[in-house]
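[1] Sequence and predicted structure are below.
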Amino acid sequence: MSEAFGPDFITVTDEDGNEFELELIDTLEHEGVTYYAMFPAVAENEETGEPVDVDADDEEYGLVIMKALEENGEEILSTLDSDEELDAIYNLFMERFFEEEDEE
């Protein structure tokens, strides 16, 4: 995925109506389904514009994997159906990330 125009951000609304912003890192197609790998967007200090420190150990911060589904003719993002699906897709993304790293 090209970063020539800067990162892509997606606003997601959870089942409780809470909105949060995710930074799209990569997408992949697997068995006819599109999966998205994202990280929570780094917040900025409103006064200084500087990034706010993120605790990488916080369980709210980490790789988020979602899949695209079509509902009523509209694409929506959904969580994965099972731990097995999550593990398989996570491993595919990790393989891609490390391939890209090795190429650089």
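    Happy to help now that I have it.
[2] contact partners of the longest strand seen in the chain?
    In the chain, with assignment by DSSP state E, the single longest strand is strand 19-30. With C-beta atoms under 8 Å, 6 or more residues apart in numbering as the contact definition, strand 19-30 has outside contacts at 1, 7-14, 34-42, 63-64, 88-89, 92-93, 96-97. C-beta coordinates here come from the backbone N, C-alpha and C atoms, glycine included.
[3] Give the buried residues for it.
    Leu22, Leu24, Ile25 (16 or more other C-beta atoms under 10 Å).
[4] which SS state does Asp80 fall under?
    You called it Asp, but residue 80 is Leu. coil (DSSP: H, G, I helix; E, B strand; the rest coil).
[5] what sits against it?
    Applying C-beta under 8 Å, 6+ apart, the residues near Leu80 are Ile65, Met66, Lys67, Leu86, Ile89.
[6] would you list every one of the strands in this protein?
    8-13, 19-30, 33-40, 64-71, 74-78.
[7] Could you name the helices and strands sitting against the first one?
    Meaning strand 8-13. strand 19-30 (3 or more C-beta pairs under 8 Å, 6 or more residues apart in numbering; DSSP states H and E).
[8] okay, Ile65: pLDDT?
    Predicted confidence (pLDDT) at Ile65: the value is 95.
[9] can you count the residues close to it?
    Counted with other C-beta atoms under 10 Å, residues neighbouring Ile65 total 18.
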